[in-house]
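1. Coordinates for the following, if possible.
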Amino acid sequence: MSSRAGAGVESGERLRDLAHIASSVGHHLINSYSSVVSNAEMLRSTTGSNTTSPDAAALAGSIVSTALEASRVARSLIAWTRDATRHEAAGTPLAQEVDLPSLIQEVVESERAYGPANIDWRLDLRRTRLLVADPGHLESMLRALARNAVEALDGQPGFVAYRTGIDASDWMFVEIEDNGRGMTGDVLNRATEPFFTTKSGHAGVGLTIAQGIWRRHQGTMAIESRVGQGTMVRLAHPPVNPSPRPTNRGDVRRL
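-> Sure thing, here's the model as predicted:
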């Protein structure tokens, strides 16, 4: 591949990742603005009948209007990223049947070759269904999760394990586990928040990108973590002809 072509591929990947981040930020802002609007409406309803503080009701109304306008801008941001982040339907140029175990193998081989030498990469890649998707999106997701796991090791020797398969409920799954520092409950609750990080010099977007891509492929992501023991990210994808979903799928945080 020529240097110009390589630069073009890298630029395309960065643009795609940026689109996923922008979409996730937009959704996060909309949720925040919804809370602002709800609380301001409550404030306006309690102060509206109070003739001694008409300014309070007017200010509450102004807060509502401003938050709704900001939410509209966030929705426009999401709409702008839709072409880059949507799950393409079958038959479009980017939609292909992707074999996740094979793609994981390629990603791990690349990360092993160019990443830290003290990482023990462990693979248990069992057969899964083919997934109709943009392989570039899925590759970005898998790389983001791999690098997030490596970062959790803090430069110390450790392992990063990938597992794939079909579970008893016919859900396809990918698990990425590390034996790094793990996360406290407070950190886990914010793990996929855009730009949230506990380490200086890191952007805090790896899990955000992964979650955004997988959600657009109609999948779910759960994270289980214990301080000092490590973290496991589980990606699950529903069966083609789903039966009623069991109520108990483990003690994890589903995102």
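2. so which helix or strand takes in the spatially most central residue of the chain?
-> Computing the C-alpha centroid of the chain and ranking residues by C-alpha atoms, centre = their mean puts Gln211 first, at 1.7 Å. Using DSSP states H and E, Gln211 sits in helix 206-215.
3. Mind giving me the packing neighbours of that helix?
-> Here helix 206-215 touches helix 3-47, helix 135-152, strand 220-226, strand 230-237, going by 3 or more C-beta pairs under 8 Å, 6 or more residues apart in numbering; DSSP states H and E. C-betas here are computed from N, CA, C, even on glycine.
4. quick one: low-confidence parts of the stretch 151-255 of the chain?
-> 200-204, 241-255 (pLDDT under 70).
5. how does it look with 90?
-> Where the stretch 151-255 of the chain drops to pLDDT under 90, the residues are 154, 187, 189-218, 240-255.
6. Let me know whether the residue nearest to the centre of the chain touches His28 as I believe.
-> No: contact criterion C-beta atoms under 8 Å: Gln211 and His28 do not qualify, at 11.1 Å.
7. how does the chain divide up, domain by domain?
-> 3-85, 96-254 (automatic domain parsing).
8. from those, which stretch is densest packed?
-> Neighbour counts (mean count of other C-beta atoms under 10 Å) averaged over each of the domains of the chain peak at domain 96-254, with a mean of 17.
9. Report the distance from it to the chain centre.
-> Its chain's average C-alpha position is 9 Å from that of domain 96-254, according to C-alpha atoms, centre = their mean, to the nearest Å.
10. any idea which helix or strand carries Thr66?
-> Using DSSP H and E, Thr66 falls within helix 54-85.
11. Moving along the chain from that helix, name the first helix or strand you hit.
-> Using DSSP H and E, the helix or strand that follows helix 54-85 in sequence is strand 96-98.
12. wait, doesn't Leu68 sit right on Val36?
-> No: taking contacts as C-beta under 8 Å, Leu68 lies outside contact range of Val36: 9.3 Å.
13. From Glu175, how far out is Arg122?
-> Counting by C-beta to C-beta, to the nearest Å, the separation of Arg122 from Glu175 is 11 Å.
14. Tell me the residues that contact both of the two, please.
-> Here Arg122 and Glu175 have 161-162 as joint contacts, going by C-beta atoms under 8 Å, 6 or more residues apart in numbering.
15. Just confirm Val160 is within a helix.
-> No: assignment of Val160 by DSSP: H, G, I helix; E, B strand; the rest coil gives strand, placing it outside any helix.
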